[in-house]
Every structure is written in C-alpha cells, then in structure tokens.
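Asker: Sharing a model prediction with you, sequence too.
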Amino acid sequence: FLTLTGLAPLTAAKVLVVTISALNAALFSLILRLLGLPRLIGGLFTLLFISSACFVFWSSVIELFPFACFSILLALFLMFRIRQSTALSWITANVLTLGLTTPNWIFGIIATAVRQKLKPFLLICTAALGFVGVVSIIQNPLFEKAAYFFNPIPLMREANFTQPAMQAQGSYESGWQPLNNLRSLYVTTIIAMPATIEVQNSIEIVTTNQTSGFPTGELSPVIATVAWVILFGLGVWGAIRHRPLRLPLIGVGLMLLFQSLLHSVYGEVTFLYSLHYLPLLVLIAACAWFSPFRHIAAVLATVVIVFGTMNNIDRLQSTIDTAGCLSQLDSVKTYQSWDIIKTEPSRDTRPDYSPLSPADVERCQAL
C-alpha cells in the first residue's frame, strides 16, 4: 500500500519498521504504568527497554521481529489492564501472536487464560485459530513460499533447526550448550557480546555472539552486566512481593519459562529471537521497584542504561563493519546468488565458489 502512494520499497519498509518500533516503546511504557510504576520510574525502564542490545540491533532491521514484539506487548497490555477488555480485543491479540510467529501464540493463550473464565477462553482461542486458518488458506496461493502453519510436514522440518539436531548432523560448530543459550537469553538480550565468525556446512558464513565473552579491555559491558544481573534478581523479588498483580505476573513467569525451554534447544543463534522475550525480561526487572531496595534498583537501571548503551552501540557498529567486510568476499557473493527454494530439500547442488580464506576471516573478525 505504501509503495502505491509513491514511496520506494526500501523507504516504505523503513517507515513500517520505525513506526512499529515507536509503537513498541509506547505500548511498553503503558504496560509499566499498568504495573503500578510512577511516571518517572516507568520512563526509566522504558529507556532500559529501548537501550537494550536487542532493541538496538533488531529494531533497525527490516524483519518480522519488531512486529512479533508488538503482538506480544498487546497480549501483555490486555493481561495487565484492570478494566475488562472486549472479546474482539482478545481475539485480535491471539490472532496476531499466532499469525506472526506460530510458537508465540503461547503469549496470547496465557494472557487470555489469566483474564478469562474457561468458556470465554475456549471461544476466544477457537475463533482466533479459525480466523488464522482461513487467512493461511487465502494467502497460500498469493505468496510463492507460503505454507500452511497447520501442515505437520513444515512443522516437522522445524526440528532441523534445533541445536541437538544440528549437532547430530555435524552442521553446528558450537554444539548444543543449553547454558550458553540461557546466558544469551537472560544477559546478551540486554548487553551485547562481540560477534564472532563461524563457517558452517563448508559454505555458510555465520556471525554469532552465542559463545563469545566480554571484549578484552572494555569495562562498560562488565559494569552493565553486573548491574543488570543484580537488577533482575531484585525484580524477581519485587514480582513475588507485588500482590495486587500476582496473577498477571505469574502469567509473565509462565511465558518466560516457555521461552527459556524453547530457546534452550531451538535456533543456532539465540540472540536472533530476543525481541520475543525482551519485554518479559525488562518487565520483571521493573518489578525491582516493589522490592525493599527500590532506590537502589533505580540506580542500577541507570547504570545499565548508561554503560549498556555505550557497549551496545559499539557492538552494533563493529558487527556492521564485520558484515560489510564479509559481504565483499567472493565466497559470500556466490552464496548470496545461490537461490535454492527451501521447500525443495531434495536439491543439494551447490555452486562453485572460492574457498574461504582463513586470512579473510581473521581480517574481517579484527574489525
């Protein structure tokens, strides 16, 4: 629609991403107010949300993640809203969480279960499932690579993207390390770690922060990480103490538990999916205001914002430089031109390409 108004496709995409990212920040701020935070403290934790490594990296990328984040925030907003929301609002939240990223329907389901009795809950979930099913049938002939989300065959293929499966196939250099996944989920989401370069399947070049540690000689990520870990611990304590919203906070805990279980096995780079759980992490951290050490919590949040922002911007720039260097390598250019449709797994013909030079990798990594 935007391109029909005269905008170039890239400009239209940028407008969409900037708009949805602004809506994400605004909606998260409203959720913090519903949580019971004073306006100033709510603003502080909103700054923490938008200065996180996750937001800095993925809200600048033309991709699905910012839109999926909005659907999650909508479910959280309805769950924390004191006034009863309409059935249409709940159906919309379930349609968006299911329709944008299928596993994210758990956010809509849990939020609905918290606020609805059994019969309305079942009716809302059934209506959402039926609507998304109809839309899926309509979109299938319209888009070349569309697949039915309820088709078990594509769902079974997703098992190939679990780390245990990739490790068994010999295509995952790092190997399955659940603790690294959880460290990425709970820490790297907020404070970015340096990107390293991995070569997989002899042709795929992947930049990843899955196993990397603190950059040598830099204090800002260490300070930000220590402050974040303490702040998150105080947030858990505060969430347990915050009785007026105990049921919605239990819902948040269940959502985070599901994400922890899912991403302990799924996806070779956990950070890639971080916009799906960033709101949960910062929401729990914001509950530190309800702990006995609320003023210390405000100071810790400020420390994370200041030192985390310094680190995250540096990490983003260095990752951009590395990607720019890699994009000039002949092997990468050849791989990018290799257009094999994913729905044809039987095809395994690979193009001829220049071998990846270790010196080239080292040069790009040094950036």
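Answerer: Good, I have the coordinates. Residues are numbered from 1 along each chain as shown.
Asker: tell me which element the closest residue to Met79 other than its chain neighbours falls in.
Answerer: Excluding the flanking residues, the one nearest Met79 by C-beta to C-beta, 6 or more residues apart in numbering is Ala111, at 3.9 Å. C-beta: built from backbone N, CA, C; applies to glycine. Using DSSP states H and E, Ala111 maps to helix 105-115.
Asker: Can you list the neighbours in contact with that helix?
Answerer: 71-72, 75-76, 78-79, 84-85, 90, 93-94, 96-98, 121, 124-125, 128, 247-248, 250-251, 254-255, 258 (C-beta atoms under 8 Å, 6 or more residues apart in numbering).
Asker: out of these, which are buried?
Answerer: 71-72, 75-76, 78-79, 85, 90, 93-94, 96-98, 121, 124-125, 128, 248, 251, 254-255, 258 (16 or more other C-beta atoms under 10 Å).
Asker: got the contact list for Val61?
Answerer: Val17.
Asker: mind checking how far Ala53 is from Phe290?
Answerer: According to C-beta to C-beta, to the nearest Å, Ala53 and Phe290 sit 26 Å apart.
Asker: Looking at these two, which has the bigger crowd around it?
Answerer: Ala53 (27 against 23; other C-beta atoms under 10 Å).
Asker: Go ahead and confirm the more buried one touches Thr319.
Answerer: No - look at Ala53 against Thr319 with C-beta atoms under 8 Å: they stay out of range, at 10.5 Å.
Asker: For the chain, just list every one of the strands.
Answerer: 196-200, 204-208 (DSSP state E).
Asker: And the contacts of the first one?
Answerer: So that's strand 196-200. By C-beta under 8 Å, 6+ apart, the list of residues contacting strand 196-200 reads 171-174, 205-209, 211-212, 322, 326, 356, 361, 364-365.
Asker: what separates it from the chain centre, distance-wise?
Answerer: 21 Å (C-alpha atoms, centre = their mean, to the nearest Å).
Asker: where does the stretch 1-150 of the chain have low pLDDT?
Answerer: By pLDDT under 70, the stretch 1-150 of the chain contains no weakly predicted segment.
Asker: same thing but 80
Answerer: 145 (pLDDT under 80).
Asker: could you dump stretch 282-299 to PDB, C-alpha only?
Answerer: Extracted in PDB, the C-alpha atoms of stretch 282-299 (Å, rounded to 0.1, in the frame of the first residue of the first chain):
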ATOM      1  CA  VAL A 282      12.500  -5.800  31.400                       C
ATOM      2  CA  LEU A 283       9.100  -6.100  32.900                       C
ATOM      3  CA  ILE A 284      10.400  -8.400  35.600                       C
ATOM      4  CA  ALA A 285      13.400  -6.100  36.200                       C
ATOM      5  CA  ALA A 286      10.900  -3.200  36.600                       C
ATOM      6  CA  CYS A 287       9.300  -5.100  39.500                       C
ATOM      7  CA  ALA A 288      12.500  -4.300  41.400                       C
ATOM      8  CA  TRP A 289      10.700  -1.100  42.300                       C
ATOM      9  CA  PHE A 290       8.400  -3.200  44.500                       C
ATOM     10  CA  SER A 291      11.300  -4.700  46.400                       C
ATOM     11  CA  PRO A 292      12.600  -3.200  49.600                       C
ATOM     12  CA  PHE A 293      15.500  -1.600  47.600                       C
ATOM     13  CA  ARG A 294      13.600   0.400  45.100                       C
ATOM     14  CA  HIS A 295      16.000   3.400  45.100                       C
ATOM     15  CA  ILE A 296      19.000   1.100  44.600                       C
ATOM     16  CA  ALA A 297      17.000  -0.500  41.700                       C
ATOM     17  CA  ALA A 298      16.600   2.900  40.100                       C
ATOM     18  CA  VAL A 299      20.400   3.500  40.300                       C
END
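Asker: List the buried residues in that stretch.
Answerer: In stretch 282-299, counting by 16+ other C-beta under 10 Å, buried: 282-291, 293, 297-298.
Asker: Likewise for stretch 252-264?
Answerer: 252-256, 258-260, 262-264.
Asker: Can you show me the helices along the stretch 151-300 of the chain?
Answerer: Secondary structure of the stretch 151-300 of the chain (DSSP state H, counting those that start in this stretch): helices located at 152-157, 163-169, 178-183, 220-241, 246-263, 278-286, 294-326.
Asker: how about these, which one is nearest Thr11?
Answerer: helix 294-326 (20.1 Å; C-beta to C-beta).
Asker: what angle sits between that closest one and helix 278-286?
Answerer: If you take axes from the mean of the first three to the mean of the last three C-alpha atoms, to 10 degrees, helix 294-326 sits at 150 degrees to helix 278-286.
Asker: what's helix 294-326 packed up against?
Answerer: helix 39-51, helix 53-58, strand 204-208, helix 220-241, helix 358-366 (3 or more C-beta pairs under 8 Å, 6 or more residues apart in numbering; DSSP states H and E).
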